[in-house]
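Asks: Have a look at this prediction, sequence included:
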Amino acid sequence: MPTIIVSRSEPSPDSRLPAPPVSFHPSLDDHPAPSDDGLTLDSDASRILIVDDDPVILKLVSKMAARLGYQPTVAEDGVDALYHLTRTHCDLVLTDYDMPFINGYQLANQIKEKHFGTRVIVITGNCEPDVLDMLDSSAIVDGLLLKPFNLTTLKEKIELVVHPHFKRWPP
């Protein structure tokens, strides 16, 4: 006798799957408007994860990334980011340095150990020389972006990290 498989549109009451964290929301600006100003990257809609414990910065950087042609996803801290990366591949992670639980450097270290090929840019407003030297000279961090920054600066930093062998002309 053939096996009959019944599918349900709703999960059974005894299946207890955890709900995904509410912090992972793609930007409403997933598809940027055409640009004549040269700011939109030819990113073929690469996925980018933005990590910051400040919701205002998170929203702003997410909109900037969408404007550059990326599909941004956000995480409110390093723990959320690591959870998200176990579920979805991201080509690039933009993370704040000063965060609770896991700072941006520790997050970058864990990403490099577990997610081969994912690039990490650390964003910081911390201007202490020892912190800047550590982040700038680290083999774990692919790029360092100082706050405040604008759309053009973000675009240039992403280009340098994603396409490190690309030479601009004129220099």
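Replies: All right, it came through fine. Note that this is a predicted model, so its numbers are computed, not measured.
Asks: Where in this protein is the helix or strand with the lowest mean pLDDT?
Replies: helix 129-137 (a mean of 85; mean pLDDT, DSSP states H and E).
Asks: Quick check: which ranges of the chain have low pLDDT?
Replies: Applying pLDDT under 70 to the chain flags residues 1-45, 165-171.
Asks: For it, which segments count as strands?
Replies: Here the chain has its strands, by DSSP state E, at 47-51, 71-75, 92-96, 119-124, 143-146.
Asks: sorry, back to before: could you say what helices and strands the least confident helix or strand of the chain packs with?
Replies: On a contact count with 3 or more Cβ pairs under 8 Å, 6 or more residues apart in numbering; DSSP states H and E, helix 129-137 meets strand 119-124, strand 143-146. The way it works is simple: take the backbone N, C-alpha and C, and place the C-beta from them, glycine included.
Asks: again, only using 10 Å
Replies: Judged by 3 or more Cβ pairs under 10 Å, 6 or more residues apart in numbering; DSSP states H and E, the packing partners of helix 129-137 are helix 104-114, strand 119-124, strand 143-146.
Asks: looking at these, which is buried most?
Replies: When these are scored by mean count of other Cβ atoms under 10 Å, the highest mean neighbour count falls to strand 119-124 (a mean of 24).
Asks: What helices and strands are in contact with that one?
Replies: strand 47-51, strand 92-96, helix 104-114, helix 129-137, strand 143-146, helix 151-162.
Asks: so what secondary structure elements neighbour the first one?
Replies: Of the remaining helices and strands, those touching strand 47-51 by 3+ Cβ pairs under 10 Å, 6+ apart are helix 55-67, strand 71-75, helix 78-87, strand 92-96, helix 104-114, strand 119-124.
Asks: Could you check how many residues crowd around Phe101?
Replies: 12 (other Cβ atoms under 10 Å).
Asks: again with Asp136
Replies: Using other Cβ under 10 Å, Asp136 has 11 other residues around it.
Asks: residues of stretch 91-107 that come out buried?
Replies: Applying a neighbour-count criterion of 16 or more other Cβ atoms under 10 Å, one finds 91-97, 99, 102-105, 107 buried in stretch 91-107.
Asks: Among the residues you listed, find me the one that's closest to Leu58.
Replies: Within the buried residues of stretch 91-107, proximity to Leu58 (Cβ to Cβ) peaks at Asp96, which comes in at 8.7 Å.
Asks: Noted, bye for now.
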